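Student: quick one, structure for this:
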Amino acid sequence: MSLDQLLSPTTLGDLELSNRVVMAPMTRSRAGEGDVPTALSVTYYQQRASAGLIITEGTQPSDEGKGYCRTPGIHNDAQQQAWARVADAVHSEGGRIVMQLMHCGRVASHHNKQGETVAPSAIAAAGEIYTDAAGMAPHDTPRALATEEIPRVIEDYRAAGARAFAAGIDGLELHCTSGYLPAQFMATGSNQRTDHYGGSIENRIRFTVETIQALASLKGPGRIGLRICPGNPFNDLKDDEPGESFAALLDALSPLGLAYLHVIRRPQGPVDNIALALKHFSGPIIVNDSYAADEANAVLDERIRAVSFGRDYIANPDLVERLRDGKPLSAFDVKTLYTPGARGYTDYPRADA
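Tutor: Residues are numbered from 1 along each chain as shown. Take a look at the predicted model:
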């Protein structure tokens, strides 16, 4: 099986990739005290640096933005220094790494963080979240952000991005799906505001547009990506018109010249996400969600530049080499996805080990 397209180099904005195999962002819950990436995190990312691009796990732009236990941040000096060690390790192997910024908004529990839980409106997400302190716990009822506070939240994102770049990270990806803060602003079920950040589609996309503009002000739009999955109901996200909401968002962002749009396909969802992206976004696209290697190779063209792999990268740190050499992929242990320590994180062997 030839994977000539998948293994060929490409560019995403200002990012040069040695191949089109992207490591998708995956929460692994291994950060240490103070939400600082540890030496294990350095090893984990370095092991996978043959990817054309690594997108990090979702990283808090502020303590207020933390949702899950043991997730890393990028809002203080210790965190920045630790991420610099990760970036250096990836670059030492010839890799490229982008940081996904993830503000969880109302998807949070006070058991997991010091900061307050905030959201567009004071509406709690249904369901529960895991905490080390109390096991499964209901999501907090958030405090609705005042209009005058929203520029401060956007500044938190910009300041976090500045720290990431100072640490040597190559680019930034804004997490705009899975029920987190930007998606909460966009969705009618979680945004009942009456100011200029709520109501009409134009108002509901405003927070995301302004956050992307703030991130692009750091080093230009060619190092900024956006991840979307219109119609994704995860974390109690409900929108009366997800296709229309994301079409408007992409129409607003497409002229900026972003590095890429990262699209999760949902074949059974209410929206054809890839078709929507191709229609409303003119830049490079990364597609995601359970692509087999031959399917990934076949889908690539001038518009769809790369394919991201999540689960395959957990147990196959040498995924690119296995694909190149036609070697079978290892399966991961679901029981160790989020448990502390090296087991199920950095102990998966290479095919040639």
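Student: what helix or strand is residue 321 on?
Tutor: Assigned by DSSP states H and E, residue 321 belongs to helix 319-325.
Student: next: residue 78.
Tutor: Element membership for residue 78, per DSSP H and E: helix 77-92.
Student: export that helix as CSV, just CAs?
Tutor: What follows is helix 77-92, C-alpha atoms only, in CSV (Å, rounded to 0.1, in the frame of the first residue of the first chain):
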residue,chain,number,x,y,z
ASP,A,77,6.6,31.0,34.7
ALA,A,78,6.9,27.4,35.9
GLN,A,79,4.5,26.1,33.3
GLN,A,80,6.2,28.1,30.6
GLN,A,81,9.6,26.8,31.5
ALA,A,82,8.3,23.2,31.5
TRP,A,83,6.7,23.7,28.0
ALA,A,84,10.0,25.1,26.8
ARG,A,85,11.6,21.7,27.7
VAL,A,86,8.9,20.0,25.7
ALA,A,87,9.4,22.2,22.7
ASP,A,88,13.2,21.8,22.8
ALA,A,89,12.8,18.0,22.9
VAL,A,90,10.4,17.9,20.0
HIS,A,91,12.7,20.3,18.0
SER,A,92,15.7,18.1,18.8
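Student: what comes up buried for that helix?
Tutor: Using 16 or more other CB atoms under 10 Å as the test for burial, helix 77-92 gives 79-80, 82-87, 89-91. All C-beta atoms are positioned from the backbone trio N, CA, C, and that covers glycine.
Student: and the residues you listed, which two are furthest apart?
Tutor: Maximum pairwise distance in these, criterion CB to CB, is 18.6 Å, between 79 and 91.
Student: contacting residues around the closest residue to residue 103 other than its chain neighbours?
Tutor: Leaving out its chain neighbours, the residue that sits closest to residue 103 by CB to CB, 6 or more residues apart in numbering is residue 65, at 3.5 Å. Neighbouring residues of residue 65 by CB atoms under 8 Å, 6 or more residues apart in numbering: 102-105, 115, 156, 181.
Student: could you do residue 311 as well?
Tutor: By CB under 8 Å, 6+ apart, residue 311 lies in contact with 290, 332.
Student: which stretches of the stretch 251-353 of the chain form helices?
Tutor: For the stretch 251-353 of the chain, the helices defined by DSSP state H, counting those that start in this stretch occupy 273-280, 293-299, 311-315, 319-325.
Student: same question but for the stretch 51-200 of the chain, I mixed them up
Tutor: Listed in chain order, the helices of the stretch 51-200 of the chain (DSSP H, counting those that start in this stretch) span 77-92, 150-166, 181-186.
Student: out of those, which is closest to residue 258?
Tutor: Residue 258 lies closest, by CB to CB, to one member of the helices of the stretch 51-200 of the chain: helix 150-166, at 13.5 Å.
Student: distance from the chain centre to that closest one, please.
Tutor: On the basis of CA atoms, centre = their mean, to the nearest Å, helix 150-166 sits 16 Å off its chain's mean C-alpha point.
Student: so for it, mean pLDDT?
Tutor: Averaging pLDDT along helix 150-166 gives 99.
Student: please export the C-alpha coordinates of it as CSV.
Tutor: Provided in CSV are the C-alpha atoms of helix 150-166 (Å, rounded to 0.1, in the frame of the first residue of the first chain):
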residue,chain,number,x,y,z
ILE,A,150,-14.8,39.5,28.3
PRO,A,151,-11.8,41.5,27.0
ARG,A,152,-9.9,40.3,30.1
VAL,A,153,-10.7,36.6,29.2
ILE,A,154,-9.5,37.2,25.6
GLU,A,155,-6.4,38.8,27.0
ASP,A,156,-5.8,35.7,29.1
TYR,A,157,-5.8,33.7,25.8
ARG,A,158,-3.4,36.2,24.2
ALA,A,159,-1.0,36.2,27.2
ALA,A,160,-1.0,32.4,27.3
GLY,A,161,-0.2,32.4,23.5
ALA,A,162,2.6,34.8,24.1
ARG,A,163,4.0,32.5,26.8
ALA,A,164,3.7,29.5,24.5
PHE,A,165,5.7,31.3,21.8
ALA,A,166,8.3,32.4,24.3
